[in-house]
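below are the sequence and a predicted model for it; my questions follow.
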Amino acid sequence: MFSKKKKNIPQIDKDQLELIQNAQRRVKQKKRLYIHFVVFLIGSLFIILANLVLGIGEDVKLFEIDWFVFAILVWLFLFLYHTFNVFVTHKFMGKQWEQEQLDKLTAQQQQRIEKLKQKFIKEETLMAQSEAYNETKAVSKKLSDLTIIAAAGENDAIGKGNKLIWHLSDDLKHFKKLTNGHHIIMGRKTFESFPKPLPNRTHVVITRQSKYHVPEGVIVVNSIEDAIDATKNDSQPFVIGGGEIYRQAMAFAHKIELTRVHENFEADAFFPKIDSSVWKETNNTFHDKDDKHEHAFSFLTYERK
Ligand SMILES: NC(=O)c1ccc[n+]([C@@H]2O[C@H](COP(=O)([O-])OP(=O)(O)OC[C@H]3O[C@@H](n4cnc5c(N)ncnc54)[C@H](OP(=O)(O)O)[C@@H]3O)[C@@H](O)[C@H]2O)c1
């Protein structure tokens, strides 16, 4: 009862206001044209009367025609020009209005571009994040799958002059059985120590050379990370040597299948030391020397703790 009624103030946005102002401008233009028309009619009548009734400029003629005819024609021309301006030139509120519309459109487009840019940056960031996540996932997945397989003497010797130092047929069978059907990652030197690629295995050769030629089916990569990446569809890839690659792969592997040959050998390639704080022995199978095996050896399995 005692509360004052709030006044309802109509809210007009900027665009509406502009339209109203333009409409008002149009009305003014048409009004002026209408006044011009009336003044033209009255003026023409006045000129005719001044000449014919009052005799003003009676003798002034051009080509035998009274001067007022020319005066009215000139005025008519001006009036037509005015009409043309109102209905044609200013139809769309003139140049200023056009410029304003253009500015408005440009501003809107710029806003849209800005929004799209923001969206694009957001999507790119998300994509980069998901790529990084997938890469991390791929490497960490390999940590749980990647197995190093090697044969090393008691002094960690693995090769000399790019050749194996011993021939142990049961160890070769063991290697063949475990790696059969899988990816085998190796350094360029180990790859070159084979007379030809091993059957039924996908070879992934690591080299720093940019144009290293290999037989068909052999994959060439330039880093251990790329080698791991190349095996991502294999549930059980192996790193098969040699010394340089074993050292770099230790950080990525989850398991080591090591044939420990129970002797010391002269060598120029060695297996890295197995850190007992990182690796625990989970299997140890001894194989004595015999007619086919010049040295005693043990199949050892190590798993990351
Ligand atoms: N007993 C075993 O179980 C066993 C197993 C395998 C091999 N082996 C023996 O080990 C010896 C070979 O071992 P190794 O240490 O001399 O050579 P390797 O590890 O087989 O190969 C070394 C080569 O790998 C490439 N490489 C290494 N690290 C790289 C990196 N981070 N990025 C790109 N490329 C990289 C380089 O190739 P580029 O020079 O082309 O750039 C380098 O010269 C031979 O005697 C072989 O018989 C023994």
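Received, thanks.

did I read that right, Lys104 in a helix?
Yes - counting by DSSP: H, G, I helix; E, B strand; the rest coil, one finds Lys104 located in a helix.

count the neighbours of it for me.
13 (other Cβ atoms under 10 Å). C-beta here means a position set from N, CA and C on the backbone, and glycine is covered the same way.

in contact with it, which residues are there?
Neighbour list for Lys104: empty [criterion: Cβ atoms under 8 Å, 6 or more residues apart in numbering].

so Thr301: helix, strand or coil?
Assigned with three-state DSSP, Thr301 falls in the strand class.

from the ligand, how far off is the residue nearest to Leu168 when sequence neighbours are not counted?
Distances taken as Cβ to Cβ, 6 or more residues apart in numbering place His293 nearest to Leu168, at 5.3 Å, with adjacent residues excluded. Between His293 and the ligand the computed distance is 15 Å (Cβ to the nearest ligand atom, to the nearest Å).

what residues does this structure have near the ligand?
Proximity of the chain to the ligand (Cβ under 6 Å from any ligand atom) is limited to residues 150-151, 158-159, 162-164, 186-190, 193, 206-209, 222-224, 240-245, 248, 269.

could you tell me which of those residues are located in helices?
Arg188, Lys189, Thr190, Ser193, Ile224, Gly243, Glu244, Ile245, Gln248 (DSSP state H).

what is the nearest of these to Asp66?
Ranked by distance to Asp66 (Cβ to Cβ), these are led by Ile224 at 108.9 Å.

neighbours of the closest residue to the closest one other than its chain neighbours, how many?
Spatial nearest neighbour of Ile224, excluding adjacent residues (Cβ to Cβ, 6+ apart): Gln248 at 4.8 Å. Neighbourhood size, Gln248 [other Cβ under 10 Å]: 16.

quick check: Asp171 touching Phe297?
Yes - applying Cβ atoms under 8 Å, one finds Asp171 in contact with Phe297, separated by 6.5 Å.

so for those two, which sits in the more crowded spot?
Between Asp171 and Phe297, counting by other Cβ under 10 Å, Phe297 is the more crowded of the two (26 against 19).

just the pLDDT for the residue nearest to that one when sequence neighbours are not counted.
Nearest non-adjacent residue to Phe297, counting by Cβ to Cβ, 6+ apart: Val261, 4.6 Å away. The model reports Val261 with a pLDDT of 98.

look up how far His293 lies from the residue lying closest to Asp170 once chain neighbours are set aside.
Leaving aside its sequence neighbours, Asp170 sits nearest to His287 (Cβ to Cβ, 6+ apart; 6.1 Å). Distance, His287 to His293, by Cβ to Cβ, to the nearest Å: 7 Å.

quick check: neighbours shared by the two?
In terms of Cβ under 8 Å, 6+ apart, His287 and His293 are both contacted by the residues Asp170.

for the chain, which residues score under the pLDDT cut-off?
1-13, 15, 91-98, 130, 133-144 (pLDDT under 70).

quick one, strands of it?
Listed in chain order, the strands of the chain (DSSP state E) span 61-62, 65-66, 147-153, 157-159, 183-187, 202-206, 219-221, 238-241, 255-261, 269-270, 279-287, 297-304.
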